[in-house]
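Undergrad: Sequence first, predicted model second:
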Amino acid sequence: MSTTAQQVPTDTYAVDPVHSSIGFGVKYNGLATFRSAFETFDAQLAGGELTGSAQVASIQIDEPNFKGHLLSEEFFNADVTPTVTFRSTDIRVDDDGSAEVDGELTIRGTTKPVTATGTYAAGPDPFGNDRVAFELSATVDRREFGLNWQNPLPSGADSLAWDVTLTVDLQLVKQA
């Protein structure tokens, strides 16, 4: 990152859910990355702090047995911990638009520090609204959050990678 930093606004910005997404990707069978997202989520930038949450039950998976398995105690334990949450502790943005966001991620009731990297942009939209945008990703070891399920392949290798890449693409609109 360059040495010149931008200031993130301290006004309140609410998520534009139409132009935003929160998702993840994880290598499956050692062959390719499985990706999904959450349909129900919220995010806000207020006082220079970025916060957000996703409803685990809104995970976008069309196969009922697979979705049920992810919502079960073996994965998200959605009945007990229905949300994934994030709260930033520091946001660093350089003049070139590169961004680093430190924060606390909570999954299954376990909170761990994470650093997401990506980009930040700000500007007006065609309707006279001020917007900010974050496109961020972070990789976490799912075991740190109690997501320990595994199924060995015939070779003995793990079928599901331990590292999961979280992706957050947010457009937030300044509130009056």
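TA: Arrived safely. Residues are numbered from 1 along each chain as shown.
Undergrad: partners of the helix or strand of the chain with the lowest mean pLDDT in the sheet?
TA: Taking mean pLDDT, DSSP states H and E as the measure, the chain has strand 5-6 as its least confident helix or strand, at a mean of 76. Looking at strand 5-6 with DSSP bridges, its partner strands are strand 83-94 (antiparallel).
Undergrad: Pull the distance from the strand it pairs with to the chain's centre.
TA: Here strand 83-94 is found 10 Å from its chain centre; the criterion is Cα atoms, centre = their mean, to the nearest Å.
Undergrad: Give me the sheet partners of the helix or strand following that strand and which way each runs.
TA: Heading C-terminal from strand 83-94, the first helix or strand you meet, by DSSP states H and E, is strand 98-107. Strands that pair with strand 98-107, judged by DSSP bridges, come out as strand 83-94 (antiparallel), strand 110-124 (antiparallel).
Undergrad: Which stretches in this structure count as helices?
TA: 64-71 (DSSP state H).
Undergrad: With mean neighbour count, distance to residue 40 and mean pLDDT added, can I get the strands paired with strand 98-107 in TSV?
TA: No exception for glycine: its C-beta is placed from N, CA and C like everyone else's. Listed next are those as TSV, based on neighbours: other Cβ atoms under 10 Å; distance: least, Cβ to Cβ, whole Å; pLDDT from 0 to 100:
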stretch	mean neighbour count	distance to residue 40	mean pLDDT
strand 83-94	18	10	98
strand 110-124	15	21	97
